[in-house]
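K.L.:
generate a structure from the sequence data that follows.
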Amino acid sequence: MSSYQVDLTNCDKEPIHIPGKIQSHGFLVAVNSKTHVINYISDNISQFIKDKPKDFLGKKIDELEKSLPISFLQLKLSQILQLGHTNQYFESINPFNLELNSKPYNLIISISGDNKILEFETVESDLDFDIQKTIGRSVSEILSGKNLNSLLVNAAHEIKKIINYDRVMVYRFGEDGHGEVVAEVKNDELEPFFGLHYPASDIPKQARELYKINLTRIIADVNSESSGIITLESETAPLDLTHSSLRAVSPIHIQYLKNMGVYSSFSISLIAHGELWGLIACHNYSPRFINFKARDASKLIGQILSSALEFRQDEENVEKAAKLNAAATELAEYIEKDNYITDALTRHSTTVQDITTAKGAVIVFDNNITTIGTTPSLSQINDIVKWLKTNMHDTVYYTHRFPEIFFPAKEYSDVASGILACILSKELSELIIWFKPEQLETINWAGNPEKSVEDNGNGLLQLSPRKSFESWTQIVKNTSEKWGSEEIGAVIKVREQVIYAINRKANDIRVLNEKLSLAYEELDTFSFTISHDLRTPLSSIKSYAELLVTSNKSLDDSAKKILDRIIAGTDKMNFLIREILNYSRVGRADMEFTPVKMDRLLNEIKREVIAALNPQNLEFEIGATPDILGDMVMITQVFTNLINNAVKYSSRSKPSKVRIEGLENNDEVVYSISDNGVGIDVNYYSRVFELFKRMDNVKDFEGTGVGLAIVKRIVEKHEARIWFESTLGTGTIFYISFKKNR
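P.N.:
This is a model prediction of the structure:
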């Protein structure tokens, strides 16, 4: 087996799944899955056989079985291997009980490429009770936690009761891979690790990936000598021990544990939404071994806890989102009823501050600055507004490190380390800003987070695990709590309502609307004229190209390809021109309001979209369909665009699901069009309805970026509202609210 030198250039690439060794508390044999010929064997099997281990390489497992002092095994090893022939994995039948030299052992079988790995582990453990019988009580205690924090604390207590390690910690990974001890139960004489942070390099990426596959991992004795794995040919690839229970440990990690004074460790993986959320990390300050059944029972507890923490985390997120959304909905009602926008946002029990977790908010509107909560001074607010006007390129801007971007903000970082702003009018410098204070975060690292570097004598700088685990403190300044997607969504919802109210209530006096109105008229005239002027020469180009292709027999293949590309290009340009014309017509068209029979309309659109797109595995559901009042042609265009998008962008889901439903609410009819498609990135929320704007994840879907812009213009002409909710990779719901009476 080849050795692997870990140094500064490759520490995150150490092939820990092929160490070429196993831990000494068991031995290993790997056989060809079909022939049962032994390809690999561990050196320490010599404790149980008289012949040399290498003498069995190339022989069938039956030959080795004759030499092993096995008793109380009901089937031969080859028969047990055959049991798993139709079962790619052995989890459902592991472990097999047997005796070696009259001592109880577990046989654990796993798959490794073309090999089946047989691992023999002792059953002996210092746990003097049946761990599996205690699971029900422990799980009940763990799940009694009413929130995420109490759930994790309960888990640490119960795991310590069950396996009785000296220290049990719940270790949570951050976005950057570093970890934090978020719950801990320990023996009284030990120093606490609770609240300490550990850099990502302590558990590098490849180790975190293995923790997603092996949900438990034991290191029985850091001072024991690992046993080598031998194979028949020196050039044979190392045995992949990804699924092995006995896999040896990286020497870097062994030294790391020794530096901490830890003799034995055991970990249980916590998985949430398919990713490694954290670990239950157990340390013992003397050698410790718990057998396969105890580890398997612990794995079950870990899986139950993973589901529970995922549920609790989602529940807390949903509660937070629901609270913010309720505040946004209440605020929208105030905006609808009140005569003055600023009063609607600040004078009621629910204010504009309540749609986020900010500590203060500012409304810059109609030549006035109105503050609520804790905010910077008026002069500082004016400076922020000037900076935002120059640097804010989208309708919404947010950061949790504002003083690092706008240096004058360091003077008031205790108030405004985080800002979230939405533009109402860029020309008039009108906007709403929310502020989050500095979260003076003291990160207590378990020793300096930079591992020390030592010269190994051959010119290479080799990583050495940190030798001191005294707390090393780092203060993170000029940083606030991050803004959540639910906060940004609530802000966008309120902004849309404010814009709608501004357009409805103050259209005759507002400079911005006058400019927008003039700009729309100029754009309509320009696009209509240019579009018509372009179509004539485009038609000529296409006609001449087609004529050349059909009439000129002397053209070679290269020339024909060029002409074909010219024809395709003119078709694409014509399609784009038609889209621009459609967009411009919305601005000029007169509307005729009539009752629209939505049941008939939606079923007609459904048939047309399905015929055009021919979707596979589509589940299309139409719920209640209350009638609405609107222009029949334009309403048809709105729902055709939205339904077409829903079917198109969910086409890769299995199955694709689209649902349309209308609900009557007081004086409104609200329609929802939902899908389980690709979803919308939160960074694109503010640009969804802009002309020619398309997300990166839909580039390979056909489209021009005009459809939703047309939808928005039609909705506004109906004095209706449109908004959406979306999660990237999960799906999108568009809502349109129509008034019952005009």
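K.L.:
so after the helix or strand harbouring residue 566, what's the next helix or strand?
P.N.:
Assessed by DSSP states H and E, residue 566 sits inside helix 557-588. Where DSSP H and E defines the elements, the next helix or strand beyond helix 557-588 is strand 593-596.
K.L.:
list the contacts of residue 325.
P.N.:
Contacts for residue 325 (Cβ atoms under 8 Å, 6 or more residues apart in numbering) come out as 486, 489-490, 493. Bear in mind the C-beta positions are built from the backbone N, C-alpha and C, glycine included.
K.L.:
closest to residue 619 out of those?
P.N.:
residue 489 (26.4 Å; Cβ to Cβ).
K.L.:
the closest one and residue 148, how far apart?
P.N.:
22 Å (Cβ to Cβ, to the nearest Å).
K.L.:
those two: which is more packed in?
P.N.:
Shown here are residue 489 and residue 148; by other Cβ atoms under 10 Å, residue 489 has more neighbours (21 against 16).
K.L.:
show the subsequent helix or strand relative to the longest helix seen in the chain.
P.N.:
Scanning the chain for the longest helix, with DSSP state H as the assignment, gives helix 292-337. Going down the chain from helix 292-337, the next helix or strand is helix 341-346, by DSSP H and E.
K.L.:
show me what that following helix is packed up against.
P.N.:
helix 292-337, strand 360-365, strand 368-373, helix 485-505 (3 or more Cβ pairs under 8 Å, 6 or more residues apart in numbering; DSSP states H and E).
K.L.:
show me which positions of that helix end up buried.
P.N.:
For helix 341-346, a neighbour-count test (16 or more other Cβ atoms under 10 Å) marks 341-342, 344-346 as buried.
K.L.:
just put those in CSV and tack on distance to residue 43 and pLDDT.
P.N.:
Supplementary listing: the buried residues of helix 341-346 in CSV, determined by distance: Cβ to Cβ, whole Å; pLDDT from 0 to 100:
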residue, distance to residue 43, pLDDT
341, 79, 83
342, 80, 86
344, 78, 86
345, 75, 88
346, 77, 86
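K.L.:
pick out the most distant pair among the residues you listed.
P.N.:
The most widely separated members of the buried residues of helix 341-346, counting by Cβ to Cβ, are 341 and 346 (9.6 Å).
K.L.:
shared neighbours, these two?
P.N.:
residue 363.
K.L.:
in the chain, what secondary structure element scores lowest on mean pLDDT?
P.N.:
Lowest by mean pLDDT, DSSP states H and E among the helices and strands of the chain is strand 461-464, with a mean of 53.
K.L.:
what element comes up after it heading to the C-terminus?
P.N.:
Using DSSP H and E, the first helix or strand after strand 461-464 is strand 471-476.
K.L.:
buried ones in that following strand?
P.N.:
So for strand 471-476, counting by 16+ other Cβ under 10 Å, buried means 471-472.
K.L.:
what of stretch 717-732?
P.N.:
718, 720-726, 728, 731-732.
K.L.:
so for it, mean pLDDT?
P.N.:
Mean per-residue pLDDT for stretch 717-732: 90.
K.L.:
work out the gap between it and the centre of the chain.
P.N.:
Computed by Cα atoms, centre = their mean, to the nearest Å, the chain-centroid distance of stretch 717-732 equals 21 Å.
K.L.:
cool, stretch 110-119 as well?
P.N.:
Using Cα atoms, centre = their mean, the offset of stretch 110-119 from its chain centre is 33 Å.
K.L.:
against residue 490, how distant is residue 332?
P.N.:
10 Å.
K.L.:
and what of residue 350?
P.N.:
According to Cβ to Cβ, residue 350 and residue 490 sit 12 Å apart.
K.L.:
quickly list what's touching both of the two.
P.N.:
Shared contacts of residue 350 and residue 490 (Cβ under 8 Å, 6+ apart): residue 327.
K.L.:
more crowded one of the two?
P.N.:
Counted by other Cβ under 10 Å, residue 350 and residue 490 do not tie: residue 490 has more neighbours, with 23 against 16.
K.L.:
quick one: that one and residue 329 touch, right?
P.N.:
No - when contacts are counted by Cβ atoms under 8 Å, residue 490 is not listed as touching residue 329 (9.2 Å).
K.L.:
can you give the contact residues for stretch 44-64?
P.N.:
The contact list for stretch 44-64 (Cβ under 8 Å, 6+ apart) reads 22, 24, 27-29, 31, 35-43, 67-69, 76-78, 81, 100-101, 118, 227, 230-232.
K.L.:
now these: which count as buried?
P.N.:
Buried residues within the contacts of stretch 44-64, counting neighbours by 16+ other Cβ under 10 Å: 22, 24, 27-29, 31, 36-43, 68, 77, 81, 100, 118, 227, 230-231.
K.L.:
keep only those of those that are in strands.
P.N.:
Judged by DSSP state E, the buried ones among the contacts of stretch 44-64 include 22, 27-29, 31, 38-42, 100, 118, 227, 230-231 as members of strands.
K.L.:
closest one of those to residue 164?
P.N.:
Among these, residue 22 lies closest to residue 164 (Cβ to Cβ), at 25.3 Å.
K.L.:
how about that closest one, nearest residue that isn't a chain neighbour?
P.N.:
Spatially, and ignoring its direct neighbours in sequence, residue 22 is nearest to residue 246 (4.0 Å; Cβ to Cβ, 6 or more residues apart in numbering).
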